[in-house]
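> here's a sequence, model it:
(chains A and B)
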Protein chains: 2
Amino acid sequence: MVHNFNAGPSILPKEVFEQAAAAILNYNNTGLSILELGHRTPTFQAVMDEARALVKELMQLDDNHEVLFLHGGASTQFMQVPMNLLDIKDTGAYADTGVWGQKAVKEAKLFGNVALVCSGKENKYTAIPKDFAVPNDAVYFHITTNNTIYGSQWQKIPATSIPLVGDMSSDIFSRVIDFNAFDLIYAGAQKNMGPAGVNLVVVNKNILGKIKRPIPTIMDYRNHIADGSMLNTPPVFAVFVCMLTLRWLKAAGGVAAIEKLNNAKAALLYNEIDNNPLFRGTVVTEDRSKMNVCFVMNNAALEEPFLAAAKANNIVGIKGHRLVGGFRASLYNALPISSVQVLVDTMQAFSKQYA
Amino acid sequence: MVHNFNAGPSILPKEVFEQAAAAILNYNNTGLSILELGHRTPTFQAVMDEARALVKELMQLDDNHEVLFLHGGASTQFMQVPMNLLDIKDTGAYADTGVWGQKAVKEAKLFGNVALVCSGKENKYTAIPKDFAVPNDAVYFHITTNNTIYGSQWQKIPATSIPLVGDMSSDIFSRVIDFNAFDLIYAGAQKNMGPAGVNLVVVNKNILGKIKRPIPTIMDYRNHIADGSMLNTPPVFAVFVCMLTLRWLKAAGGVAAIEKLNNAKAALLYNEIDNNPLFRGTVVTEDRSKMNVCFVMNNAALEEPFLAAAKANNIVGIKGHRLVGGFRASLYNALPISSVQVLVDTMQAFSKQYA
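A predicted model of the protein is given here:
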């Protein structure tokens, strides 16, 4: 068995793979593959409806919040969010907690003004900024709830008087938070939700329609809401796999239940990092991500041999991002704790060998 | 066996479904699903490289033409094309041959001027316009090479002195044409190429970079070219299935070989339409599409019973678009001629019964 710690695209539940493979050969005894099914058929409409309803239920969204499955990834939303919300003379407030937040800032500047209210830059993104003020006259405040590359995470969602926008690509559905506190949430599917090629967008419809700039049809959230997330041919298969994964999550007890498992997985690995003399974490304890665990070795020369030891134990995807170096173990919802135990065992065995 | 005449998403080769299903369970003996494979791994890089190379080979593209697999569908390109090519004071020339061309015009108007050089509107889109002049000072001329809804097709690609842009969503890879005569080609995958959720864009790199308007990072073709179509996480699975389908096409003899089969399929069905007293085609003979065959019944009251007869013979997807009514049989590359024969047999049996 391979232990898949990929940062994304990443592990999904085994039963989802099995159901997806079966649906490609013959979907629900239609005699057709899910890949050749017309998107305007009642058969696919039921998939889209169930996927949207599961998001609403699992996130406990109120009726102001609309659920959309859109083409593209978070990189599309970096542009689409200000295109819909930020007029040329308006200001969008942004928190810079790493690479993805910076990319969001860059796109927003094409549409209006950006107020950078805080940045983790001075401490090399090893912590989430604590003391900052969000301007009341900004039209929204944008945060990246989990920083996939640096391995930091907002453990407490900041309270604001203005609409809150969250890029939750790498921690959506992983923990209980008040999703209704956000007016716009977006997430590329390829971590906790499904395959690459679809975006989840949750938007409070009341914040839309307030700008003067014309918006291209396919980029206007209002058009997607009006057409029930079927404005054009959606990424049918990606939405289908999201639906399967959300079904699996619901059957596993929902977000609260998976959070307990995620906490246990993260505790197991961070405990080893903190107690094994060869390793250390790269993020301050209180801001550590429970999804992406970043760590290095005190003796950098041992990193290559450790990577080889991990590979020998069928561990894949733990090489750190080049900006941080060392290792990154992504512990997404579908990763079993037994895989984390294999990694911990490998660290302990390696430590004994090299102590 | 189901005979799938869906207009899109639509039939793909059976062996592609089998290979795709197998790859979801265990891709190339990696022990990983294709859905959980990191897009920056050499394993996926090989998929992207092969998919791009197959497009280049099958279309016999010269070295100025770059091949990209981008998120979204043709509806995204309606916006992305003028965003990249049309400055605010420039004019884009457009041919209106139906719904999709009109949608392209609508988006172009957000970015610059539009010269509508011809329209099939007066003849209700039953023919491709013949006499028109393309202004030499327009920055490009946009055509929809095949009109999925009305069932018409440009049999001869118009010669122009300005860059030619083609929406080939529903006839790409179906016939031999000089693809290099186009400076930009786009196509949603879900007809002749793969599943919904990815766009093929072929662009002559020399036409880019000529406008002053800043382009959002994810929308700028130049960024995708520079990053080898891996600017952000691509729709991994959709690209993979396109690669499988293009491999199948190459093994089947390429575009020239499939064109012969497509001609035979279209001739078989149009011949029946022309000779069966109950049916008639909706498009003038010389502009008939070989991909989407639109026809009605001389007695509209017989359409419901005929649809029932077709259903009884496992024929799906032949109900016509509401704008045209009647029937539309899509004969994409992967549809076997035996399925067309079943439809023809059904028409003949129905004719005998109701004559």
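> can you give me the helices in chain A?
A:14-25, A:42-58, A:74-85, A:99-108, A:221-226, A:236-251, A:254-275, A:303-312, A:337-354 (DSSP state H).
> need those helices in CSV (columns: distance to residue A:32).
All C-beta spots, glycine's among them, are computed from the backbone N, C-alpha and C. What follows is those, written out as CSV (distance: least, C-beta to C-beta, whole Å):
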stretch, distance to residue A:32
helix A:14-25, 10
helix A:42-58, 8
helix A:74-85, 30
helix A:99-108, 38
helix A:221-226, 26
helix A:236-251, 12
helix A:254-275, 32
helix A:303-312, 41
helix A:337-354, 35
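> most tightly surrounded among these?
Mean neighbour count, computed with mean count of other C-beta atoms under 10 Å in any protein chain shown, is highest for helix A:74-85 among these, reaching a mean of 25.
> export it to PDB, keeping only CA atoms.
This file holds the C-alpha atoms of helix A:74-85, laid out as PDB (Å, rounded to 0.1, in the frame of the first residue of the first chain):
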ATOM      1  CA  ALA A  74      -8.100  28.900  -7.000                       C
ATOM      2  CA  SER A  75      -5.900  30.700  -9.500                       C
ATOM      3  CA  THR A  76      -9.000  31.500 -11.500                       C
ATOM      4  CA  GLN A  77     -10.700  32.900  -8.300                       C
ATOM      5  CA  PHE A  78      -7.700  35.200  -7.600                       C
ATOM      6  CA  MET A  79      -9.000  37.100 -10.600                       C
ATOM      7  CA  GLN A  80     -12.700  36.300 -10.500                       C
ATOM      8  CA  VAL A  81     -13.200  37.600  -6.900                       C
ATOM      9  CA  PRO A  82     -12.100  41.200  -7.600                       C
ATOM     10  CA  MET A  83     -13.700  41.100 -11.000                       C
ATOM     11  CA  ASN A  84     -17.100  40.600  -9.200                       C
ATOM     12  CA  LEU A  85     -16.500  42.600  -6.000                       C
END
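> and it, how far out from the chain middle?
Computed by C-alpha atoms, centre = their mean, to the nearest Å, the chain-centroid distance of helix A:74-85 equals 16 Å.
> which positions in the stretch 1-150 of chain A make contact with chain B?
Contact residues (C-beta under 8 Å from any C-beta of the partner chain) of the stretch 1-150 of chain A with chain B: A:1-2, A:4, A:6-12, A:17-18, A:20-22, A:24-25, A:30-33, A:35-39, A:71-76, A:78-79, A:83, A:103, A:106-107, A:110.
> not counting sequence-adjacent ones, nearest residue to the closest residue to chain B within the stretch 201-350 of chain A?
Nearest to chain B, among the residues of the stretch 201-350 of chain A, is residue A:235, at 2.9 Å (C-beta to the nearest C-beta). Nearest non-adjacent residue to residue A:235, counting by C-beta to C-beta, 6 or more residues apart in numbering or on different chains: residue B:197, 2.9 Å away.
> tell me the contacts of the residue lying farthest from the centre of chain A?
Most distant residue from the mean C-alpha position of chain A: residue A:355, 37.0 Å away (C-alpha atoms, centre = their mean). With contacts defined as C-beta atoms under 8 Å, 6 or more residues apart in numbering or on different chains, residue A:355 is in contact with A:277-278.
> and residue A:189, by the same measure?
A:195-200, A:238, A:242.
> 6 Å - rerun?
A:198, A:242 (C-beta atoms under 6 Å, 6 or more residues apart in numbering or on different chains).
> give the bridge partners for residue A:295, please.
Beta-bridge pairing of residue A:295 under DSSP bridges involves residue A:281, residue A:327.
> let me know whether it touches residue A:281 as I believe.
Yes. Counting by C-beta atoms under 6 Å, residue A:295 sits close enough to residue A:281 to count as a contact (5.1 Å).
> ok, residue A:103 to residue A:217 distance?
Using C-beta to C-beta, to the nearest Å, we find residue A:103 at a distance of 25 Å from residue A:217.
> what do you get for residue A:34?
As judged by C-beta to C-beta, residue A:34 and residue A:217 stand 27 Å apart.
> ok, these two, which is more surrounded?
Taking neighbours as other C-beta atoms under 10 Å in any protein chain shown, residue A:34 and residue A:217 compare with residue A:34 leading, 24 against 17.
> surely that one meets residue A:23?
Yes. Counting by C-beta under 6 Å, residue A:34 touches residue A:23, with 4.2 Å between them.
> so what's residue A:266 closest to, chain neighbours aside?
residue A:290 (4.0 Å).
> now the stretch 101-250 of chain A, which segments are flagged as low pLDDT?
For the stretch 101-250 of chain A, no stretch is flagged by pLDDT under 70.
> could you pull out the strands for it?
Here the stretch 101-250 of chain A has its strands, by DSSP state E, counting those that start in this stretch, at A:113-119, A:140-144, A:146-147, A:152-153, A:164-167, A:184-188, A:199-204.
> so which bits of the longest one are buried?
Along strand A:113-119, the positions that meet the burial threshold by neighbour count (16 or more other C-beta atoms under 10 Å in any protein chain shown) are A:113-114, A:117-119.
> which strands or helices does it pack on?
Packing partners of strand A:113-119 (3 or more C-beta pairs under 6 Å, 6 or more residues apart in numbering or on different chains; DSSP states H and E): strand A:91-96.
> sheet-wise, list the partners of the strand it packs on with their directions.
Paired strands of strand A:91-96, defined by DSSP bridges, are strand A:113-119 (parallel), strand A:140-144 (parallel).
> what's the angle between the longest one and helix A:99-108?
Same thing as strand A:113-119. Angle of strand A:113-119 versus helix A:99-108, following axes from the mean of the first three to the mean of the last three C-alpha atoms, to 10 degrees, is 160 degrees.
> give me the contacts around strand A:113-119.
For strand A:113-119, using C-beta under 6 Å, 6+ apart, the contacting residues are A:91-96, A:105, A:108, A:129, A:132, A:134-135, A:138.
> that one versus helix A:74-85: what angle between them?
Using the same axes, to 10 degrees: strand A:113-119 against helix A:74-85 is 130 degrees.
> just the C-alphas of stretch A:17-32, formatted as CSV.
What follows is stretch A:17-32, C-alpha atoms only, in CSV (Å, rounded to 0.1, in the frame of the first residue of the first chain):
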residue,chain,number,x,y,z
PHE,A,17,-12.0,5.7,-6.6
GLU,A,18,-13.9,2.4,-6.9
GLN,A,19,-17.2,4.2,-7.5
ALA,A,20,-15.7,6.6,-10.0
ALA,A,21,-14.1,3.8,-11.9
ALA,A,22,-17.3,1.9,-12.1
ALA,A,23,-19.2,5.0,-13.2
ILE,A,24,-16.8,5.4,-16.1
LEU,A,25,-17.7,1.9,-17.4
ASN,A,26,-21.4,2.1,-16.8
TYR,A,27,-23.1,4.8,-14.8
ASN,A,28,-26.0,3.6,-12.6
ASN,A,29,-27.0,0.9,-15.2
THR,A,30,-27.6,3.5,-17.9
GLY,A,31,-25.3,1.6,-20.2
LEU,A,32,-23.4,4.9,-20.6
